[in-house]
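Q: Any chance you could fold what I've pasted below:
(2 chains)
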Amino acid sequence: MKQLIWILSCLGWLAVAANAQAAPEDDRLSVVKAVQKKYPEIKFEDYVHGALAFSPDAKAQYDAVMTFPPYDAEIEKGAKLWETPFKNGKRYADCFPRGGKNVVGNYPMFDAASKKVVTFEMALNQCRTANGETAYKHSDMNTMGLLTAYARTLSDGMKMNVKVEGKDALAAYEAGKRFFHQRRGQLNFSCAGCHISNVGNVLRTEYLSMAPGQATHWPAFRGGDYTLFTLQRRYAACNQMVRLAPLEIGGEEYNNLEYYHSYLSNGLPLQASVFRK
Amino acid sequence: MNVFRVAVRIMAAGSVLLGIAGSAAHAAENTAGAALTADAAQALSNAVFVVDLAKGKSALWTTAAGALAQAQDAAKKQDSAAVIKHAATASEQAFLGMAQLGYPLTVDH
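A: From the prediction side, this is the model:
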């Protein structure tokens, strides 16, 4: 009898463990299917182009801009930050596997010890503080923005592979999912309302991009002056547009949102760095 | 809707507390010669409280924050009528932002 209870208990835990990953994967497939149902002609791999996938003209303009990216000098500044040794002689490359190549697709990741989501920007700051340097502000595009922009180029083409393992990770994922689906601001919009339910529709002259694929191409250089936007800076701008006072960039709520949001892009290749309107 | 109920309770309790504190503060201000009326001072105190509450819940509308800034500007100019008007807008919109947290989540389709 004891053996039977033990076996059933083990099976139960196995089921719980399997479910922890199955629920996010079900979510991702459901969102991808919702987009595919509405736009069966757009290939899954083209989701990385976001709103450009709805407009061949806009995509042609984008391709023209990307022939000689006008923001290359900015990327070089980021490269200089990446390659400059810390005071102790170590470098960012020493903090990451493979010298920082093909690592970004695994971020955000969940740190079981601190029970917090760790974004790539946080990992860069952890590298700095572990080597006796002060942390950069997540909202500072001249330091953290440029550094991230370059560091992500080292993972260009890597497929997103965000993992949600364990109940604490699942709780953070669920918090991000709730944020994504929660109506906010005076205009009463949710992220999902635009980027899932109304994907491909035109809002203020712009196509609404699909949620899967969105996390693959940040930081992006935006607009006429190629202003650098990290993903969380984009969240803040999006919140501002629906008239919600933006939350802290690098704060727990945006980190959890990025965790869920990035999971939706699993299987799609990172694109670094790109231009977006 | 729990969040909504909690927000209502906190706001009610806060209003009572701030009503007392606000009146006391106002009495002190009057002896010092401040020009804001008791109603304006209390409206401003309440607006600050509710806006802070909404901010703490990540539910603050920019319109509420903007109205509070206008109320504070009006207070500097000792314009009680404008303080009451903008503070009321700030409180109302901050409250609506918190109530939004109780809305059903959007559905993927």
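Q: alpha carbons only for contacts and neighbour counts from here, please
A: Fine.
Q: Could you pick out the residues of chain B near chain A for me?
A: B:55, B:58-63, B:65, B:97, B:100-101, B:103-109 (C-alpha under 8 Å from any C-alpha of the partner chain).
Q: at 6 Å what do you get?
A: B:60, B:61, B:62, B:105, B:106, B:108, B:109 (C-alpha under 6 Å from any C-alpha of the partner chain).
Q: Find the nearest non-adjacent residue to the residue of chain B found nearest chain A, please.
A: Using C-alpha to the nearest C-alpha, the closest approach of chain B to chain A is made by residue B:61 at 4.3 Å. Spatially, and ignoring its direct neighbours in sequence, residue B:61 is nearest to residue A:244 (4.3 Å; C-alpha to C-alpha, 6 or more residues apart in numbering or on different chains).
Q: possible to save the residues of chain B next to chain A as a markdown table with neighbour count?
A: Shown next, in a markdown table, are the residues of chain B next to chain A (neighbours: other C-alpha atoms under 10 Å in any protein chain shown):
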| residue | neighbour count |
| --- | --- |
| B:60 | 30 |
| B:61 | 30 |
| B:62 | 23 |
| B:105 | 17 |
| B:106 | 18 |
| B:108 | 17 |
| B:109 | 15 |
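Q: just curious, which of the residues you listed is nearest to residue A:168?
A: Checking the residues of chain B next to chain A against residue A:168 by C-alpha to C-alpha gives residue B:105 as the nearest, at 21.8 Å.
Q: what's the lowest-pLDDT member of the residues of chain B next to chain A?
A: pLDDT across these is lowest for residue B:109, at 65.
Q: farthest-separated two in the residues of chain B next to chain A?
A: Among the residues of chain B next to chain A, B:62 and B:109 lie farthest apart (C-alpha to C-alpha), at 29.2 Å.
Q: from chain A, which residue is nearest to chain B?
A: For chain A, C-alpha to the nearest C-alpha, closest residue to chain B: residue A:244, 4.3 Å.
Q: distance of that residue from residue A:188?
A: In this view, residue A:244 and residue A:188 are 9 Å apart by C-alpha to C-alpha, to the nearest Å.
Q: got any ranges where the chain has weak pLDDT?
A: No chain in the question, so chain A it is. Regions of chain A meeting the criterion pLDDT under 70 cover residues A:1-22, A:224-225.
Q: oops, I was thinking of chain B
A: Scanning chain B for pLDDT under 70 picks out B:1-34, B:109.
Q: Could I get the full set of helices for it?
A: Remark: helices assigned in chain B by DSSP state H are B:2-32, B:38-56, B:62-76, B:80-100.
Q: Now do the third one: everything it contacts.
A: Counting contacts by C-alpha atoms under 6 Å, 6 or more residues apart in numbering or on different chains, the residues outside helix B:62-76 that touch it are A:243, A:244, A:245, B:82, B:83, B:86, B:87, B:90, B:93, B:94.
Q: Which among the residues you listed count as buried?
A: A:243, A:244, A:245, B:82, B:83, B:86, B:87, B:90, B:93, B:94 (16 or more other C-alpha atoms under 10 Å in any protein chain shown).
Q: Turn these into JSON lines, including distance to residue A:179.
A: Formatted as JSON lines, those follow (distance: C-alpha to C-alpha, whole Å):
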{"residue": "A:243", "distance to residue A:179": "15"}
{"residue": "A:244", "distance to residue A:179": "13"}
{"residue": "A:245", "distance to residue A:179": "14"}
{"residue": "B:82", "distance to residue A:179": "35"}
{"residue": "B:83", "distance to residue A:179": "34"}
{"residue": "B:86", "distance to residue A:179": "29"}
{"residue": "B:87", "distance to residue A:179": "28"}
{"residue": "B:90", "distance to residue A:179": "24"}
{"residue": "B:93", "distance to residue A:179": "20"}
{"residue": "B:94", "distance to residue A:179": "18"}
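Q: Just the closest of those to residue A:91, please.
A: residue A:245 (36.8 Å).
Q: show me what contacts the closest one?
A: By C-alpha under 6 Å, 6+ apart, the contact list for residue A:245 reads B:60, B:61, B:62.
Q: ok, of these, which one's closest to residue A:167?
A: Once C-alpha to C-alpha is applied, the member of the contacts of residue A:245 that ends up nearest residue A:167 is residue B:60, at 30.0 Å.
Q: Isn't that closest one up against residue B:54?
A: Yes: applying C-alpha atoms under 6 Å, one finds residue B:60 in contact with residue B:54, separated by 4.9 Å.
Q: Overlap in contacts, these two.
A: What both residue B:60 and residue B:54 touch, as defined by C-alpha under 6 Å, 6+ apart, is the set residue B:94.
Q: Flag every residue of chain A that's near chain B.
A: A:34, A:181, A:182, A:185, A:186, A:197, A:243, A:244, A:245.
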